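>>> kindly generate the corresponding structure for this input.
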Amino acid sequence: MKNVPKYISRAQLTDAVLAEAEEAIKAELKAEGKPEQIWDKILPGKLERFIADNTTLDQEKCLLDQNFIMDDKMNVAQYVASKGDVSVVSFERVSLV
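Residues are numbered from 1 along each chain as shown. Modelled structure (predicted):
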């Protein structure tokens, strides 16, 4: 059974929610028997995964949060920022049927 996200937008991920998620991840790492000295290396990735799994609405509906089509390791906002003095002034939605 797939884990259903509890949240759908970044706006719902308050500091309290993220702190709760961090504690849950730490409890999971402890249950898995991972040594505490490596938690700080594992935790950021697991938190990023939590955020990605719980912001599906933003990723689907907000242009700047969507994955960049030419490089799915970055979103549109990161791509635009990497190009320097560039901004998005308009866009068109294309749908294939």
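>>> could you pull out the helices for this structure?
Secondary structure of the chain, counting by DSSP state H: helices at 15-31, 39-53, 56-61, 76-82.
>>> which helix or strand in this structure has the lowest average pLDDT?
The weakest-scoring helix or strand in the chain, judged by mean pLDDT, DSSP states H and E, is helix 56-61 (a mean of 69).
>>> for the helices of the chain, give me a markdown table that also has mean neighbour count and distance to residue 67.
For every residue, glycine as well, the C-beta is placed using N, CA and C. Compiled in a markdown table, the helices of the chain are given as follows (neighbours: other C-beta atoms under 10 Å; distance: least, C-beta to C-beta, whole Å):
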| stretch | mean neighbour count | distance to residue 67 |
| --- | --- | --- |
| helix 15-31 | 12 | 22 |
| helix 39-53 | 13 | 10 |
| helix 56-61 | 14 | 7 |
| helix 76-82 | 15 | 8 |
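>>> where does the prediction get shaky in this structure?
Applying pLDDT under 70 to the chain flags residues 1-5, 57-60.
>>> what strands flank the longest strand along the chain, and is each parallel or antiparallel?
Secondary structure of the chain per DSSP state E: the longest strand is strand 71-75. Sheet pairing of strand 71-75 (DSSP bridges) gives strand 67-68 (antiparallel).
>>> please state the offset of the strand it pairs with from the chain centre?
12 Å (C-alpha atoms, centre = their mean, to the nearest Å).
>>> let's number from 53 now, not from 1
Yep, numbering from 53; the last one is strand 119-120 now.
>>> which residues touch that strand?
111, 126-128, 130-131 (C-beta atoms under 8 Å, 6 or more residues apart in numbering).
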